[in-house]
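K.L.:
okay, here's the prediction I keep looking at, along with the sequence it came from:
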Amino acid sequence: MLGAPGAGKGTQASRLSRAIGIPHVSTGDMLREAVEAGTELGQKAQVIMEAGELVPGDLVTAMVIHRLGEPDAECGYLLDGYPRNVAQADALEAAVGADALESVLLLEAPTEPLVERLVKRGAEVGRSDDIETTIRNRLEVYEEETAPLIDYYTSRDLLLRVDGMGTVDEVFFRVVLALAE
Ligand code: AP5
């Protein structure tokens with residue numbers, strides 16, 4: 001699941017994972033759990049996440065590969081927030097093989113509605129990186145680091161583009177249609 005911060009990756013991935021019965025592997029959620037638990041990884045990640053920058057790729061890749069080795073991921077998995085740049089995509093391909101990924105769903109949405117969604121979540125839930133300056137930095141990091149994956153996966157014929165605007169139900173319907181085509 002690929003898309004800018006606030007595009008709805010977590011919302012749609014969680015719903016899709018329940019619908020098709022494969023685990024939702026979210027690096028953001030795993031890192032927030034590590035911060036909460038105060039692990040060594042969490043301590044390293046906390047300041048970086050609060051600044052809206054990327055946690056070092058080797059640490060995240062090790063965490064993901066470990067997770068994909070768990071029994072519930074034997075029959076498939078839905079990655080959300082990983083890979084986040086070309087280096088991570090290369091590392092993933094090296095670890096699981098070039099044919100392991102079936103599709104890459106890109107949720108597309110204009111910037112300002114995403115800022116609004118995240119500012120709203122910041123006010124309601126209090127996620128520490130949902131502060132407007134940090135949100136805008138996360139969006140810049142996405143453009144610089146993650147957006148090149150659109151060409152990367154287009155060239156591998158894996159990319160499915162989905163309009164991420166509209167209600168959660170409308171977007172989910174488009175996600176299911178895109179995967180079924
Ligand atoms: P991560 O948790 O992955 O954050 P993100 O990419 O910034 O994405 P969000 O979770 O904010 O948005 P989303 O697209 O998942 O949308 P969501 O469904 O939540 O990463 C956080 C940090 O961890 C990174 O900044 C980095 O530091 C680190 N990190 C993570 N992965 C990493 C990696 N691979 N390498 C290095 N560092 C990594 O929805 C957002 C809001 O919008 C919610 O309130 C939701 O209810 C609402 N919403 C969703 N859909 C709709 C809709 N259709 N209409 C209206 N509201 C909607």
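P.N.:
Noted; the coordinates are in hand. Numbering: from 1, shown residues only.
K.L.:
tell me which residue of this protein lies closest to the ligand.
P.N.:
Closest approach of the chain to the ligand (CB to the nearest ligand atom) occurs at Gly28, with a separation of 1.8 Å. Where C-beta positions appear, they are placed from N, C-alpha and C, glycine not excepted.
K.L.:
who's in contact with that residue?
P.N.:
Taking CB atoms under 8 Å, 6 or more residues apart in numbering as the criterion, Gly28 is in contact with 10, 80-81.
K.L.:
helix or strand for it, which one?
P.N.:
The secondary structure element spanning Gly28 is helix 27-37 (assigned by DSSP states H and E).
K.L.:
can you pull the buried residues of that helix?
P.N.:
Taking 16 or more other CB atoms under 10 Å as the basis for neighbour counts, the residues of helix 27-37 that come out buried are 27-28, 30-32, 34-35.
K.L.:
could I get that helix in PDB with only the CA atoms?
P.N.:
Output for helix 27-37, consisting of C-alpha atoms alone and laid out as PDB, is shown next (Å, rounded to 0.1, in the frame of the first residue of the first chain):
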ATOM      1  CA  THR A  27       5.800  -0.300   9.800                       C
ATOM      2  CA  GLY A  28       4.400   2.900  11.300                       C
ATOM      3  CA  ASP A  29       2.300   0.900  13.800                       C
ATOM      4  CA  MET A  30       5.200  -1.400  14.600                       C
ATOM      5  CA  LEU A  31       7.500   1.500  15.200                       C
ATOM      6  CA  ARG A  32       4.900   3.300  17.400                       C
ATOM      7  CA  GLU A  33       4.600   0.000  19.400                       C
ATOM      8  CA  ALA A  34       8.400  -0.100  19.800                       C
ATOM      9  CA  VAL A  35       8.300   3.600  21.000                       C
ATOM     10  CA  GLU A  36       5.500   2.800  23.400                       C
ATOM     11  CA  ALA A  37       7.400  -0.300  24.800                       C
END
